[in-house]
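> Quick one, structure for this:
(chains A and B)
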Amino acid sequence: KAGVTQTPRYLIKTRGQQVTLSCSPISGHRSVSWYQQTPGQGLQFLFEYFSETQRNKGNFPGRFSGRQFSNSRSEMNVSTLELGDSALYLCASSFQSLGVFGTVNTEAFFGQGTRLTVV
Amino acid sequence: QKEVEQDPGPLSVPEGAIVSLNCTYSNSAFQYFMWYRQYSRKGPELLMYTYSSGNKEDGRFTAQVDKSSKYISLFIRDSQPSDSATYLCAPGDMRFGAGTRLTVKP
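Predicted coordinates:
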């Protein structure tokens, strides 16, 4: 079956602009989680959407937002871009919500990521 | 205290060495523990998961959990250059450690 698809793969934006990233999960999966990965901070959790509702949120400013559509596809938006937002943005798809991870046997699948460069 | 602590390395070993990667976590409610592997320019992929305390072996890889000390480990035997990647621990709810970058030199 098709994996998790993220678009675009690469993006260059200017400070102050906004950007929208897209994630199409594996068919049947209702949870989409977003992560920011940088060399200094590692893989940091942004937020999770499950059945169109934000279920969990990490410690990121309000400039980072997201949404999920009825077909489970998700978008992440970053407004007023800063140089420090340059990172690899990854989404993960799973059948179960992250809220039950750790207590049930389930798995999350990652996309290849979108490399965002802010200049 | 961070939810997950992992030594970011980098770690460089010769081919054939035994590699030990470790994480500590804080949430005692977790029962499932995962290790993800991430190759350069790729997304992470699930390498192994273990349930509760104890060991789980899969080929050259062994995952170990000690819930009493909230400590998880991944051992790689007979390491190969193809094992060169970043290894991420995820105890429970997909809140990851920093990841350890491993290089296995031929």
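> burial measure for B:Thr103, as a count.
14 (other C-beta atoms under 10 Å in any protein chain shown). C-betas here are computed from N, CA, C, even on glycine.
> That one reaches B:Thr86, doesn't it?
No: using C-beta atoms under 8 Å, B:Thr103 is not in contact with B:Thr86, being 10.2 Å away.
> Tell me which residues of the helix or strand harbouring A:Ser33 come out buried.
Here A:Ser33 sits within strand A:31-38, counting by DSSP states H and E. Within strand A:31-38, the residues that count as buried by 16 or more other C-beta atoms under 10 Å in any protein chain shown are A:Ser31, A:Val32, A:Ser33, A:Trp34, A:Tyr35, A:Gln36, A:Gln37.
> check contacts around the nearest residue in space to the fifth one that is not next to it in sequence.
The shortest distance from A:Tyr35 to any residue other than its chain neighbours is 4.6 Å, reached at A:Leu90 (C-beta to C-beta, 6 or more residues apart in numbering or on different chains). Neighbour list for A:Leu90: A:Gln6, A:Trp34, A:Tyr35, A:Gln36, A:Gln37, A:Leu43, A:Phe110, A:Gly111, A:Gly113, B:Gly43, B:Pro44 [criterion: C-beta atoms under 8 Å, 6 or more residues apart in numbering or on different chains].
> pLDDT (mean, whole number) over stretch B:98-106?
Average pLDDT, stretch B:98-106: 94.
> Pull out the buried residues from it.
Here stretch B:98-106 shows B:Ala98, B:Gly99, B:Thr100, B:Arg101, B:Leu102, B:Val104 as buried, counting by 16+ other C-beta under 10 Å.
> just how off-centre is that stretch within its chain?
Centre-to-centre, stretch B:98-106 and its host chain are 11 Å apart (C-alpha atoms, centre = their mean, to the nearest Å).
> Stretch A:49-68 too?
Averaging C-alpha positions (C-alpha atoms, centre = their mean) puts stretch A:49-68 9 Å from its chain's average.
> pLDDT at whatever residue of chain B ends up closest to chain A, what is it?
Residue nearest to chain A within chain B: B:Gly92 (2.7 Å; C-beta to the nearest C-beta). Looking at B:Gly92, its pLDDT is 74.
> State the distance from the residue most central in space within chain A to B:Gly92.
Note on chain A: the residue nearest the mean C-alpha position is A:Trp34, at 2.3 Å, using C-alpha atoms, centre = their mean. Distance of A:Trp34 to B:Gly92, given as C-beta to C-beta, to the nearest Å: 18 Å.
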